[in-house]
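> Fold the following and give me the result.
(chains A, B and C)
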Amino acid sequence: MSTIPKSRLAALAVFLIVLALFPLGANGYILGVLTTAFYFAVFAMSWDLLFGYAGEVNFGPTFLIGLGAYGAGMSNALLGLPVPLAIVVGALAAVAGGVALAIPALRLSGPYLGLITLVSVLLLQQAIVIFAGVTGGEIGLSVPDVLSISSAANYEYALAFMLVSGLILFLISRSSLGMILQAAGQDQVAAAALGFNATRHKILAFAVSALFSGLAGAFLVFYLGTASVSAVVDISIGVRVIIAAVLGGRRTIIGGAIGSVFLIVAGELLRPIGQLSTFVVALIALVVIVLFPDGLLGLLPHRRGA
Amino acid sequence: MLAIQILIDGFAISTLYALGALGFTLIFGVSGVLNLAHGGLMVIAAMIAWYLDTSLGFGPYVGALAGVAVCLVAALVTYGGIVRPIENSRAVPAHERELFVLTATLLWGVMIQESLSYAFTNSPITVQPLIAGTVSILGVRTPINEIFIAAVAWAVMGALWLLVNRTQVGRRLLAASINPRALTLLGFELDRIYLFVWVIYGLLAGIAGVLLGSFLGSGSDYVPGLTGSAFTIVVLGGLGSVSGTLIAAYIVGYIETVTAYLVSPSLREVPALILLVVVIYMRPQGLLGRR
Amino acid sequence: MNTTTTPRLAVSGLHKRFGGLIAVKSLDFNLYPGEILGLIGPNGSGKSTVMQMIMGVVRPTAGQILLDGQDIAGRPTYDIARAGVGIVFQHSRPLRLQTVLENILLGLLPDSLSRLRPPPGAIETARRIGEECGLGEVLDRLPATLPFADLRRMELAKAIARNPSVVLIDEPFAGLTSAEVHDFSALIRRFRDQGRAVMLVDHNVKSIASLADRVLALYLGEKIAEGSSEQVMQDETVRRVYLGGGIETHERPEAEIAAHKVLLQAEDISVFYGKAQALENVSLTVHEGEFVSIVGLNGAGKTSLFNAISGLVPFRGAISWDGAKRAGESAAAIARAGIVQCPETRELFGRLSVAENLELAGQRLPPGERASRLDWLHELFPILRVRGTQESRTLSGGEQQMLAIARSLMLKPRLLILDEPTLGLAPVILGQLSEALSRLRETTDITVLLGEQNVTFALPHADRVYVIEHGRIIWNGTPTRFAAEAGTGYL
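All right, here's what the predicted structure looks like:
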């Protein structure tokens, strides 16, 4: 709905071309770091659609991500489905999980929704450990197929996936649907008084958020070659997703991508200080959240009218 | 034999769970804050106690006291450095404060975990028992430390009960949980009441952390799990309900012990989580919660 | 108004119970196309509940709400909205990232999960509605940059976007200046002239008198009067509800009061909630030992003034206390310094007993003094001794009010601020409260600042009266002069 100034569009285009040409200059290691960051970016953007627009706080994004990852991984490893089909299965599993989360979400409010989303992650984690026979348990599940063995190709896949997902999520957020979601997220009664069935819209928001989380989880599995609790389900991963979205700037969609890349790249840059890198990244995120609640995008000069 | 063993072990574990979760629920009840750095604070206490005793040779008692003291300081830093700035921030809209407090305390928990792991490695440690030896209860050999732990925990909880129900300041805490605005109208500074409740919380978390460290061991990797179990208990019992927390602690403690002894130690956390999901779906306010 | 036409909205037997409280009691009324109906009543009269039931936000316990013959009672809000009912809430949260035009457009979007673009022509319609509502100049601005009146206009525009046949407006003029009130009235008249049925909900007749074709007054969930604004204002029951019965005065001589030193001096106090101005340059003086009443209807600004004095809301202006200018003390420190407020919401500790509520207030007194003060309070309000161990939330409204006053007195106030103590209380309780205030005034040298809508309750005790209207002090003088000069135009 809103128009973006031409100069910004041009800058964006240049930036994207540079990103796409990155593999020409960078080594495999850097590409690997960025590949992971791009998948994380989709996690964070999906989370932001749910929180920033539908107003629902999901403390367990890894429930959806994990369902997508394990759904895809298991259908490839156990059923022998080809990669594209396995990714679809993973995405569907995540959407089912998203709708299952939406049902309590619409009845609960405040901290209780946060709790149920958090508990859903713990349960998924336990289920994976209990059914180690089919899930690979704590060791993880190796998948026979991968997207590609070339780091450059993996990078391009991830970049393309992030750009397409980001574009779709951004367009949704700026569409009629996004406006209704935002209205429902701000004030459910007021949205209903304007004639909108807020419940249906929120369920849809859960489903869309789950779809992209699940897709990204599934892609990540076929990039890493394994699905493991520590990589896609653990609560700390979910926390990083939330931190990335809030850090980048909530209610912006692209903030999620910026925050994710920032977190992961910062983590890598700080690798020389070894173990303390996580500490420093957490500290930076904490400082930003406490002092600049609007995140990195909020530090930019304000948009029109303001 | 096994039944008595379960009874004894379950009691000790449940009592410690109750003690650990009590501070957590107290903070929520009085000031509406869910502190997700909880596990981190408990582990700090255990690690400091262990380090002073085992590595520096100050003995278990000095170690335990120092552990509790450092935990108290960390709790006050959590309040003064993180929770209060967010609650007073004009840039954070009121309806998003909860998310910001949760995210920020989670990050703080990560920082605690990482710095502990940096300082002391992430391998598990055990705090030396404050009292050595064993005693036989109905034919089950039980470490005296286990009895001591339960006794200390109950003594602390008893003291807390007296504080809340029998003193003027306790009455103010109760009043703050019911109607903070009215307390302001009566001329009491809410800030001081919140500070006070964080001091109590720091002491409770410290004591629980040290005792837990001497019973189940501790380590930086325990941080998320301890936060999680406090969370489970408090939600199960009803956010902010003290008696609910106690009951839930015993339910969770015994379910875990029974599962560990009779089914498999690796599954000990599962039944409590399932119970939690059922409770949240059926009765979101928890067993004894009001809403 | 033409009563021969069929009603657009026909409400019959509408009933709402919240637990043990009956908020609305078998209410009947009609709303016709092309008329403006004012629904008035003091706080707690059930008027908001009626509005929420029509909109489907609250489910009626019993009764019918026929919209063009179709029963909409209990249907979901979005359904009712699409059936042709629009509402303007008093508080609203516009979309922050969208322009005014887009905010209006929101009201035109279909309730569809698959439509990503607005339907053709919707943008033009939104623009037209915006211009109609006087937003033509600001359509491309973000809501955060608009003045309060324009935000309200935007809410009106959103409410009529779906072209509703019934429009409900909650407190249409709250926070607006008189010039803006004029513009809004014209706008609302236009809604009527377009054939819509308009219902205004407000605290009192005065604010909507010139606009409403017909007024319906509610009190404690029941209809007490219906007719033209003039008829309702003259109605005996309405006057009793708002003003009480006959007026008595017992002021002390002005010279005697003026001889005492000034205890509280407020100068040019203004209070804003966001962009809405609740109080405009209010000045006020209270002498030691004086009993000052501030009379004004609900929403006039009494509570905002008291909250500014108590340090509970930010304000512009200066307040001096006991000769010294106050500078940024906390609300609690102000209470400790002797300005004790007993708020209209009473703010008891519901789950604590009566005795515990009083004990908390007496914590800073030495034990001996605490006991004697408690005895004195028990003498003043004997029922509190009887109810000592009972949880305060289980007390009746009158008993709760007595407890709230007693709790404030326990703090040994130098200035007691009583905000609307009669709110929602039965006449017999008012008598008891009034008696207690008389004894307080006769037997102690307490200074009191009383805010009241009920003039009969406020005047007998007062030495001096301020009249507050629309956030401004419009009159002040002695109660005797009030009875002669200001009383007639008050309601």
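> SS state for A:L147?
Assigned with DSSP: H, G, I helix; E, B strand; the rest coil, A:L147 falls in the coil class.
> That one - nearest residue in space that isn't next to it in sequence?
Nearest non-adjacent residue to A:L147, counting by Cβ to Cβ, 6 or more residues apart in numbering or on different chains: A:F222, 4.7 Å away. Every residue, glycine included, has its C-beta placed from N, CA and C.
> The one you found: how many residues sit nearby?
25 (other Cβ atoms under 10 Å in any protein chain shown).
> ok, now A:I17?
The tally of other residues near A:I17 (other Cβ under 10 Å) stands at 10.
> quick one: secondary structure of it?
Here A:I17 is recorded as helix under three-state DSSP.
> now C:I160
Applying three-state DSSP: C:I160 is helix.
> who in the stretch 51-200 of chain C is up against chain B?
Residues of the stretch 51-200 of chain C lying close to chain B by Cβ under 8 Å from any Cβ of the partner chain: none are found.
> Show me where the stretch 51-200 of chain C has its helices.
Assigned by DSSP state H, counting those that start in this stretch, the stretch 51-200 of chain C shows helices spanning C:77-83, C:100-106, C:122-132, C:148-161, C:178-193.
> In space, what's closest to the residue most central in space within chain A - neighbours in sequence excluded?
Residue closest to the mean C-alpha point of chain A, counted by Cα atoms, centre = their mean, is A:F43 at 0.6 Å. In space, and not counting its chain neighbours, A:F43 is closest to A:V241: 4.5 Å by Cβ to Cβ, 6+ apart.
> can you check C:L168 too?
With Cβ to Cβ, 6+ apart, the residue lying closest to C:L168 is C:I87, at 4.5 Å.
> The one you found reaches C:A159, doesn't it?
Yes. Between C:I87 and C:A159 there is a contact under Cβ atoms under 8 Å: 6.0 Å.
> give me every residue that touches C:P479.
By Cβ atoms under 8 Å, 6 or more residues apart in numbering or on different chains, the residues touching C:P479 are C:247, C:249-251, C:293, C:459-460, C:462-465.
> Apart from its chain neighbours, what residue comes closest to it?
Closest to C:P479 by Cβ to Cβ, 6+ apart is C:T249, at 3.9 Å.
> Could you list the contact residues of the stretch 51-200 of chain B toward chain A?
The stretch 51-200 of chain B comes close to chain A at residues B:82, B:85-86, B:89, B:91-92, B:96, B:98-100, B:102-104, B:106-108, B:110-111, B:114-115, B:117-118, as judged by Cβ under 8 Å from any Cβ.
> Restricted to helices, list those residues.
B:85-86, B:98-100, B:102-104, B:106-108, B:110-111, B:114-115, B:117-118 (DSSP state H).
> can you list residues touching both of C:I87 and C:A159?
With Cβ under 8 Å, 6+ apart as the test, C:I87 and C:A159 both reach C:167, C:169.
> More neighbours: the two, which one.
C:I87 (28 against 25).
> Contacts only, for C:R59.
Applying Cβ under 8 Å, 6+ apart to C:R59 gives the contacts C:53, C:74.
> make it 10 Å
Shown in contact with C:R59 (Cβ atoms under 10 Å, 6 or more residues apart in numbering or on different chains): C:16, C:52-53, C:73-76.
> got a pLDDT number for it?
pLDDT, C:R59: 93.
> could you dump the helix or strand bottoming out on mean pLDDT in chain C to PDB, C-alpha only?
When the helices and strands of chain C are compared on mean pLDDT, DSSP states H and E, helix C:254-259 comes out lowest with a mean of 76. What follows is helix C:254-259, C-alpha atoms only, in PDB (Å, rounded to 0.1, in the frame of the first residue of the first chain):
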ATOM      1  CA  GLU C 254     -15.600  34.300  55.000                       C
ATOM      2  CA  ALA C 255     -13.500  36.500  57.200                       C
ATOM      3  CA  GLU C 256     -12.900  33.700  59.700                       C
ATOM      4  CA  ILE C 257     -11.600  31.500  56.900                       C
ATOM      5  CA  ALA C 258      -9.500  34.100  55.300                       C
ATOM      6  CA  ALA C 259      -7.700  34.700  58.700                       C
END
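> Show me the contact partners of it.
Contacts of helix C:254-259 (Cβ under 10 Å, 6+ apart): C:251, C:253, C:285-292, C:463-464, C:477-478.
> Now flag whichever of those is closest to C:H182.
C:G477 (29.1 Å; Cβ to Cβ).
> where do the helices sit along chain B?
Taking DSSP H, the helices of chain B run over residues B:2-31, B:38-50, B:60-77, B:84-88, B:97-120, B:144-166, B:168-178, B:180-185, B:190-215, B:223-237, B:242-258, B:270-282.
> for the shortest one, the distance to its chain's centre please.
Translated: helix B:84-88. Distance of helix B:84-88 from its chain centroid, counting by Cα atoms, centre = their mean, to the nearest Å, is 23 Å.
> Could you pull out the buried residues of it?
In terms of neighbour count (16 or more other Cβ atoms under 10 Å in any protein chain shown), helix B:84-88 has its buried residues at B:84, B:86-87.
> Run through the strands of the stretch 151-300 of chain C in chain order.
Secondary structure of the stretch 151-300 of chain C (DSSP state E, counting those that start in this stretch): strands located at C:166-170, C:197-202, C:214-219, C:222-227, C:262-273, C:276-287, C:291-295.
> Please apply the same query to chain A.
A:141-142, A:226-227 (DSSP state E).
> how about the residue nearest to C:D150 when sequence neighbours are not counted, what does it touch?
Once flanking residues are discounted, C:D150 sits nearest to C:V138: 5.9 Å by Cβ to Cβ, 6+ apart. Neighbour list for C:V138: A:305, C:99-101, C:130, C:145-147, C:150, C:153-154 [criterion: Cβ under 10 Å, 6+ apart].
> closest to A:Y53 among those?
Looking across the contacts of C:V138 and measuring by Cβ to Cβ, the closest to A:Y53 is C:T99, at 17.2 Å.
> Now that closest one: closest residue in space that isn't a chain neighbour?
C:D140 (5.2 Å).
> was I right about the one you found contacting C:I123?
No. Assessed by Cβ atoms under 10 Å, C:D140 is found out of contact with C:I123, at 12.0 Å.
> list residues touching both of those two?
Listed as contacting both C:D140 and C:I123 by Cβ under 10 Å, 6+ apart are C:101-102.
> Would you mind telling me which of the two has the busier surroundings?
Using other Cβ under 10 Å, the more surrounded residue of C:D140 and C:I123 is C:I123, with 17 against 11.
> Would you check how far apart the more buried one and chain B are?
Going from C:I123 to chain B by Cβ to the nearest Cβ, to the nearest Å gives 30 Å.
> For chain B, what's the nearest residue on chain A?
A:F279 (3.9 Å; Cβ to the nearest Cβ).
> So that residue is in contact with B:G109, correct?
No. Counting by Cβ under 10 Å, A:F279 does not reach B:G109; the two are 11.6 Å apart.
> okay, these two: which has more neighbours?
B:G109 (26 against 19).
> any idea how far the more buried one is from chain C?
For B:G109, the distance to chain C equals 31 Å [Cβ to the nearest Cβ].
> quick one: that residue and A:A282 touch, right?
Yes. Between B:G109 and A:A282 there is a contact under Cβ under 10 Å: 8.9 Å.
> Identify the contacts common to those two.
Overlap of the contact sets of B:G109 and A:A282 (by Cβ under 10 Å, 6+ apart) consists of A:V239.
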